[in-house]
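K.L.:
predicted model and sequence follow; I will ask about them next.
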Amino acid sequence: MIRLLASNAILVALAVTALGAILTPLAIHRGRRDWLMLSYAAVYTNFVLVTVATLALVWGLVSHDFSISYVAQVGSRATPTFYTVISLWGALEGSIVFWAWVLGMYAAAVVWFNRKREGNLVPYAAMTLLVVALFFHILLLGPANPFQPVFPVPFDGPGPNPLLQNHILMGVHPPLLYLGYVGMTVPFAFAMGAMFSGEVASDDWARITRRWTLVAWAFLTAAIIAGMWWSYEVLGWGGYWAWDPVENASFIPWLTATAYLHSVIVQERRGMLKLWNLNLMVGTFVLTILGTFLTRSGIISSVHAFTQGTIGYYFLGFIALVLLVTLVMVAGNSDKLGSDGRLDAPLSRETVFLLQNMLFTVFMFTVLIGTLFPLVAEAARGVKVSVGTPFFNRMSIPIMVALLFLMGVGPALPWRKGAGPELKGKLIPGVIVGVLVGVAALVAGARNAYSVLAFVFAGFALGVNVEEFVRGANARVKAHGEGWLTALMRLISGNRRRYGGYVSHIGVVLVAFGVAASSTFKSEQEATLKPGESLTVSGHTVRFKSAWMREEKQRQVVGATMEVMDGNRVVGTIEPRMNYYPTSAQPVPTPQARSLLTGDMYMNLMAFRQDGSNVTVKLIWEPLVPWIWFGGYVVCLGAIIAMWPTRERTAVRVESAAPSAPRLSEGQA
Amino acid sequence: MTNVHSPKRAVRSLAAVFSLAAAISLAASAAAAQAPALPGAPASAPQDSGALRVQVQGTLTDAQKNDATLESATKSVASQLRCPVCQGLSIQDSPSELSQQMRTVVKEQLAAGKSQEQVKDYFISKYGEWILLEPQAHGFNVLIYAIPALLVVGGAIFIVFIVKKWTAAGPVAAGAEVNADDD
């Protein structure tokens, strides 16, 4: 019953999206603009239908309807309801349903907000969205059909992959990831729409979608950080980033999207880099599809890629189609995509943006090549090779260090022209902070050149970006006699995109400190302890109190209670555990961390005696790791500030009407 | 006039810092292209850690030191070997039982006087090239190091070219900026 409802909803959605997509060019070429309303209606109808299918699948999961193939595959009566609901994205088919739903939602929202806009840009963007939706419906009716009948109906199922039901972050990270991934379809659709409609010379597509891009980027950023956190909390190795293909798949489009967020400023402001931005956006979209292909086709085996099948060919075909259409359309619009760049002096903010874009692009290619290389090598040489952390660190750390440097230089440099007299004042705080941080790192024992440089440049970027706020606020205090905090708030709300960007920069610096410190100063020790014995790492001591075991609904848990000591005083406990799931022979390690401002005491239970007379535990001192998570929040906060709706249009008009209004950021803002 | 002086100096010093950073990144990518030629390039680990270890009568500090060098050599090798049962973790990072055993093998072999290279070769002979987390930079594998390096160099040349072109196109006409209020 549920099964039929859901598969029919997808079938109808397939027809609706196909018709809507065909209708758009017909309507435009026949001059029947009233038909366009029908194609917009197709976008809304699609959203309703996919919502029905998604809810039906969730209902099927919750009601343990094992006659539905997907439920029979991932469901189990013993799984707690929360993990049952989130197993919607626990395997291939369900995650494609979820993808189609998120896409339907974005498409409906985008069309709704722009429905009154004249011209052919929005209709063609809607058409592009419908075609992408159509592709996912084809997947859902073909190789990724979650609604196949199962007969005889089993009484119970195996339940989700143990790794996916071991931590609450599994309810957070995948939705964020999909919201980020799928959100990149919106700017892509508008880029395509601009080319189809020939409106590519105007910057409307970039302007209309900039907030959508920022939304998607913020979700993707949050998803990557949440994924790191999950890896840290669940996998028990004390790290947060392993350059695993799945991690790379989420990171690769983030790199091009980040490049785009910066270079689109150059386009909006100076009318330059149009073709480049178009390519970045199409590239980002293709990379999200490629990422899904890599992780969902099972081509690279990895913790998330637990499926095999023919779906890979569909993805490859779709990627080829997108690239081909883009190529044809770019060629068709090439006369409109040229831009005449002009600069007063080579050392300008534009140049820094170019360098930043170049480094982000190289970074993207490096990670992409590294991720794909095992496949290529196997195909070309017939030999299996691995490409892992040592390679990615070797190649990417220099790029990251250079990017930190640029993040400090960029905001200090004026547009168009070389340095003005204020440049020195803008750089000095950064240089001071950078040197201080560098000296601190050296004193703390950092000896690796890149590590020291990372600290220096992160400090430099921190100084420069903070200085922007201080100087702007001071100017307001002087000009308006406002209190300093009021001045700061008004400064930010007066130019949210700019200062939101700087807030994000500060967040990136915090992440950089966390990453640099934890990879430079991390120390660990493993020991077998009897009750009452203690273990000390980097001055942090834990004492083994007791080992215990308990039965939970879907698993068996073995844990050790470790007391955190301050001298002879117990100041807290850490309870590393091992979770045993019936479906898995290997226990799932469940480390626990005690977070301090200066770092985490991270504990993992390695082994235990059945009678509890001793346990083997690992204590890792992870300096500044909490800064990474906090920095992630700050980056997203910056994005929220930048995307927050303002009375933007009116604000622009007021300012251009009154050029004497004080430009508080030194006129070059 | 005095005003003009300081920005120029600032530009010059900034340019100096800039080129330094560029040089560092370039040198780094060059190093990245070359260094793997000796993949085991011991970070700090002397080859004779095993020999050191047999010297029993050393003072306590010597013993500690020698334990520390063996420890760091083990760590260096272990972080380059792939845990066969994990998702791309090294045997240094992986908490799995097999990784613990493999780490012990690494340590024993180093203690017995084998070089880091020899220990890695031993694992390659058992598992194939796949066991190395970083491909050895010879033959086909060179591509993976060369392509990013070439991209950086090509990108830098292109940027120099385009910035020269833009600067030659001359100063921006007044009022040419579209959204001067943003960013």
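P.N.:
Alright, I've got the coordinates. Numbers count the residues shown, from 1 in each chain, chains lettered A, B, ... in the order given.

K.L.:
which residue, other than its chain neighbours, is closest to B:Tyr122?
P.N.:
Of all residues not flanking B:Tyr122 in the chain, B:Gln109 sits nearest, at 6.6 Å (Cβ to Cβ, 6 or more residues apart in numbering or on different chains). Quick note: C-beta positions are derived from backbone N, CA and C, even for glycine.

K.L.:
isn't the one you found up against B:Asp121?
P.N.:
No. Using Cβ atoms under 8 Å, B:Gln109 is not in contact with B:Asp121; the gap is 10.4 Å.

K.L.:
please say which of those two ends up with more neighbours.
P.N.:
B:Gln109 (20 against 13; other Cβ atoms under 10 Å in any protein chain shown).

K.L.:
could you measure that one against chain A, distance?
P.N.:
20 Å (Cβ to the nearest Cβ, to the nearest Å).

K.L.:
now that residue: which helix or strand?
P.N.:
Per DSSP states H and E, B:Gln109 falls inside helix B:97-111.

K.L.:
and the average pLDDT for that helix is what?
P.N.:
Average pLDDT, helix B:97-111: 89.

K.L.:
can I get the CA coordinates of it in CSV?
P.N.:
What follows is helix B:97-111, C-alpha atoms only, in CSV (Å, rounded to 0.1, in the frame of the first residue of the first chain):
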residue,chain,number,x,y,z
GLU,B,97,44.0,-5.3,16.4
LEU,B,98,45.7,-6.1,13.2
SER,B,99,47.3,-2.7,13.1
GLN,B,100,48.6,-3.2,16.6
GLN,B,101,50.2,-6.4,15.6
MET,B,102,51.7,-4.8,12.5
ARG,B,103,53.1,-2.0,14.6
THR,B,104,54.8,-4.6,16.8
VAL,B,105,56.3,-6.2,13.7
VAL,B,106,57.6,-2.8,12.5
LYS,B,107,59.1,-2.1,15.9
GLU,B,108,60.7,-5.5,16.2
GLN,B,109,62.3,-5.3,12.7
LEU,B,110,63.6,-1.8,13.4
ALA,B,111,65.0,-2.9,16.7
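
K.L.:
buried stuff in it?
P.N.:
Neighbour counts over helix B:97-111 (16 or more other Cβ atoms under 10 Å in any protein chain shown) mark B:Ser99, B:Gln100, B:Met102, B:Arg103, B:Val105, B:Val106, B:Lys107, B:Gln109, B:Leu110, B:Ala111 as buried.

K.L.:
quick check: buried residues in the helix or strand that contains A:Leu134?
P.N.:
Following DSSP H and E, one finds A:Leu134 within helix A:121-141. Using 16+ other Cβ under 10 Å as the test for burial, helix A:121-141 gives A:121-140.

K.L.:
any chance you could map the helices in chain B?
P.N.:
Under the criterion DSSP state H, chain B carries helices at the ranges B:2-34, B:49-54, B:60-78, B:97-111, B:116-127, B:142-168.

K.L.:
which parts of the stretch 451-600 of chain A sit against chain B?
P.N.:
Residues of the stretch 451-600 of chain A lying near chain B by Cβ under 8 Å from any Cβ of the partner chain: A:Leu453, A:Asn495, A:Arg497, A:Arg498, A:Gly501, A:Gln586, A:Pro589.

K.L.:
what stretches of chain A score poorly on pLDDT?
P.N.:
Residues of chain A meeting the criterion pLDDT under 70: A:298, A:300-309, A:339-340, A:418-419, A:646-669.

K.L.:
what do you get for chain B?
P.N.:
Short version for chain B, where the test is pLDDT under 70: B:1-66, B:172-183.

K.L.:
domain assignment for chain A?
P.N.:
Domain assignment for chain A, taken from automatic domain parsing, gives A:1-159, A:161-337, A:546-626.

K.L.:
need the ones you listed in a markdown table (columns: distance to A:Val470).
P.N.:
Output for the domains of chain A, formatted as a markdown table (distance: least, Cβ to Cβ, whole Å):
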| stretch | distance to A:Val470 |
| --- | --- |
| domain A:1-159 | 37 |
| domain A:161-337 | 22 |
| domain A:546-626 | 24 |
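
K.L.:
return the residues in contact with the residue nearest to B:Tyr122.
P.N.:
B:Gln118, B:Val119, B:Tyr122 (Cβ atoms under 8 Å, 6 or more residues apart in numbering or on different chains).

K.L.:
how about a markdown table for those, with neighbour count added?
P.N.:
As requested, these are exported to a markdown table (neighbours: other Cβ atoms under 10 Å in any protein chain shown):
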| residue | neighbour count |
| --- | --- |
| B:Gln118 | 15 |
| B:Val119 | 24 |
| B:Tyr122 | 15 |
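
K.L.:
wait, which of these is closest to A:Arg471?
P.N.:
Proximity of those to A:Arg471, judged by Cβ to Cβ, is greatest for B:Val119, which lies at 55.9 Å.

K.L.:
how far away is that closest one from B:Leu133?
P.N.:
Distance of B:Val119 to B:Leu133, given as Cβ to Cβ, to the nearest Å: 14 Å.

K.L.:
quick one on the thing from earlier: out of the residues of the stretch 451-600 of chain A next to chain B, which is nearest to chain B?
P.N.:
A:Arg498 (4.7 Å; Cβ to the nearest Cβ).

K.L.:
ok, then the element right after the helix or strand harbouring the closest one?
P.N.:
Element membership for A:Arg498 (DSSP H and E) is helix A:496-521. As assigned by DSSP H and E, the chain's next helix or strand after helix A:496-521 is strand A:523-529.

K.L.:
buried stuff in that following strand?
P.N.:
A:Glu526, A:Ala527, A:Leu529.

K.L.:
list the residues that contact residue 85.
P.N.:
Answering for chain A, as no chain was given. So A:Val85 contacts A:Val58, A:Leu61, A:Val62, A:Gly171 (Cβ under 8 Å, 6+ apart).

K.L.:
chain B, not that one
P.N.:
B:Val85 neighbours (Cβ under 8 Å, 6+ apart): B:Ser94, B:Ser96, B:Leu98, B:Ser99.

K.L.:
pull the most distant pair out of the residues you listed.
P.N.:
Taking Cβ to Cβ, no two of the contacts of B:Val85 sit farther apart than B:Ser94 and B:Leu98, at 8.0 Å.

K.L.:
for chain A, what spans make up the strands?
P.N.:
Assigned strands in chain A, in chain order: A:523-529, A:534-537, A:540-551, A:556-566, A:569-574, A:577-580, A:588-590, A:592-596, A:599-608, A:615-623 (criterion: DSSP state E).
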